[in-house]
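Peer 1: Fold the following and give me the result.
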Amino acid sequence: MLGLTAAVVAPAAPARAAVGHAELALRWAPIHHQDVDATGTHALGGRSDYLTAVDFDGDFNGRNNWDRTGQAGADLAARVYYSVVETPTHWYLTYLFFHPRDWTDHPFGETEHENDGEGALFAVERDGSPYGTLRGAVTVAHSDFFSYTPAGSSWTSGRESVDGTLAFQSSPHDAFQHPVTAQEAQGHGLKAHPQYRINGDGVVYYPSTVAETPSGANDRDVRYQLVDIFAPGGLWAQRATSSLFAHLGTFAGDTTGGCGQGTWSCGTNSANAPWGWDDGNDLPGRGEIATDPAKLAAEYFAVPGTLSRSYTRNPYTGAAAALKAAARTAPRVTD
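Peer 2: Next up, the predicted model:
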């Protein structure tokens, strides 16, 4: 009788669950250096430079945010908004950093305004690893975009010249190296660190699942919570709320509460959400940094290999036609 020997088969390793969008956004969310100016009446001891949520005061009324920033009980816990758009070849992660005030302590020549929305787009190549590889970034500083690549990236300058190197830093709150961004005090332009840097007082924010409030104007370890732009009842769901948005992608803001007092002036309706961001000197249209990020990546960078323009997930798509039509007639807002 022929004897048979059973083959020894090792048990299959459990399949790793696909990385979710929230997990992906947390992985690549930047360590963020926020310069803080604690001097002057409008600084509120530094609180006017703290990151927070659009509805930090409990409502979606953009016209009372300046007024309520300095009130007792204002919740200035750190929150940063994000969205994830994907193609077969790349993930595109947009981050919105919101401040209730864009302010100044200069009496002449500068305008301040209620609400301030600046941010960044990170392009991540889907290379088969769980989180992919970050290849390029574009940041929003007022009405200009600035582009960056990490050291060793295969992406180079496209129609726009790369403005610098995107540095990485380890976080004490997880096991990852994160990109590093920075914002100036008062006007809150956003670039890759160290093109802006903390000068004296400042807050270093770390990505997390919890929202912490700085202990003061010079706190170097504050965790910020990521908030999905497309969460039910969230920022995107409020895009037609007239108390929050004056028109397409532009936050509503007025001159009440002391905005402009002792300075040159106070602007109204002067800050944008990601679908309102625009650099008037480049080819992509208003808001396309968020709504059509593959187009922007193809314009700003020379990308070897394949960069798909077909989206497998784009939560902005349902309103894309309306967004483009409205963008043609909406007034251009320069922060």
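
Peer 1: Burial check on the residue nearest to residue 316 when sequence neighbours are not counted, number of neighbours?
Peer 2: In space, residue 316 comes closest to residue 291 once its chain neighbours are excluded; the distance is 4.1 Å by C-beta to C-beta, 6 or more residues apart in numbering. Placement of C-beta: from N, CA and C, glycine included. Using other C-beta atoms under 10 Å, residue 291 has 27 other residues around it.

Peer 1: ok, residue 291 touching residue 276?
Peer 2: No: contact criterion C-beta atoms under 8 Å: residue 291 and residue 276 do not qualify, at 10.2 Å.

Peer 1: returning to what we had before: what distance do you get for the residue nearest to residue 316 to residue 187?
Peer 2: Distance of residue 291 to residue 187, given as C-beta to C-beta, to the nearest Å: 25 Å.

Peer 1: same thing with residue 62?
Peer 2: Applying C-beta to C-beta to residue 62 and residue 187 gives a distance of 18 Å.

Peer 1: Compare neighbour counts for these two and give me the winner.
Peer 2: Between residue 62 and residue 187, counted using other C-beta under 10 Å, the more crowded position is residue 62 (26 against 19).

Peer 1: per-residue confidence at that one?
Peer 2: Residue 62 is assigned 98 on the pLDDT scale.

Peer 1: Tell me who's in contact with the nearest residue to it once chain neighbours are set aside.
Peer 2: Excluding the flanking residues, the one nearest residue 62 by C-beta to C-beta, 6+ apart is residue 252, at 4.1 Å. Contact analysis of residue 252 by C-beta atoms under 8 Å, 6 or more residues apart in numbering lists 61, 62, 63, 115, 242, 243, 244, 245, 246, 269.

Peer 1: looking at this protein, which helix or strand does the model trust least?
Peer 2: helix 320-329 (a mean of 61; mean pLDDT, DSSP states H and E).

Peer 1: pLDDT value on residue 317, please?
Peer 2: On pLDDT, residue 317 comes in at 87.

Peer 1: Against residue 144, how distant is it?
Peer 2: Taking C-beta to C-beta, one finds residue 317 at 27 Å from residue 144.

Peer 1: who's more crowded, these two?
Peer 2: residue 144 (17 against 13).

Peer 1: so what's that one closest to, chain neighbours aside?
Peer 2: residue 279 (5.6 Å).

Peer 1: would you list every one of the helices in the stretch 51-200 of the chain?
Peer 2: Applying DSSP state H, counting those that start in this stretch to the stretch 51-200 of the chain gives helices spanning 65-69.

Peer 1: For stretch 208-226, which outside residues touch it?
Peer 2: 22, 25-26, 29, 32, 36, 38, 45-46, 49-51, 75-82, 172-173, 200-207.

Peer 1: Just the ones of those in strands?
Peer 2: 32, 79, 80, 81, 82, 202, 203, 204, 205, 206, 207 (DSSP state E).

Peer 1: what's the most distant pair in the residues you listed?
Peer 2: Greatest spacing in those, by C-beta to C-beta: 82 and 202 (22.6 Å).

Peer 1: so residue 87 sits right up against residue 303, yeah?
Peer 2: No: contact criterion C-beta under 8 Å: residue 87 and residue 303 do not qualify, at 11.9 Å.

Peer 1: and residue 170, how many neighbours?
Peer 2: 11.

Peer 1: partner residues bridging it?
Peer 2: Beta-bridge pairing for residue 170 (DSSP bridges): residue 177.

Peer 1: and the gap between it and residue 180?
Peer 2: Distance from residue 170 to residue 180, by C-beta to C-beta: 10 Å.

Peer 1: repeat for residue 152
Peer 2: 16 Å.

Peer 1: Compare those two and say which is more crowded by neighbours.
Peer 2: Neighbour count, other C-beta under 10 Å: between residue 152 and residue 180, residue 180 has more, with 17 against 7.

Peer 1: what sits against that one?
Peer 2: 30, 31, 32, 33, 166, 167, 168, 169, 192, 193.

Peer 1: Model confidence for residue 18, exactly?
Peer 2: pLDDT, residue 18: 79.

Peer 1: Can you tell me the element it falls in?
Peer 2: Assigned by DSSP states H and E, residue 18 belongs to no helix or strand.

Peer 1: Can you report how many residues neighbour residue 251?
Peer 2: Per other C-beta under 10 Å, the neighbour tally for residue 251 reads 26.

Peer 1: Over to residue 20?
Peer 2: Number of residues near residue 20 (other C-beta under 10 Å) recorded here: 10.

Peer 1: Would you mind confirming that residue 162 makes contact with residue 148?
Peer 2: Yes: between residue 162 and residue 148 there is a contact under C-beta under 8 Å: 6.6 Å.
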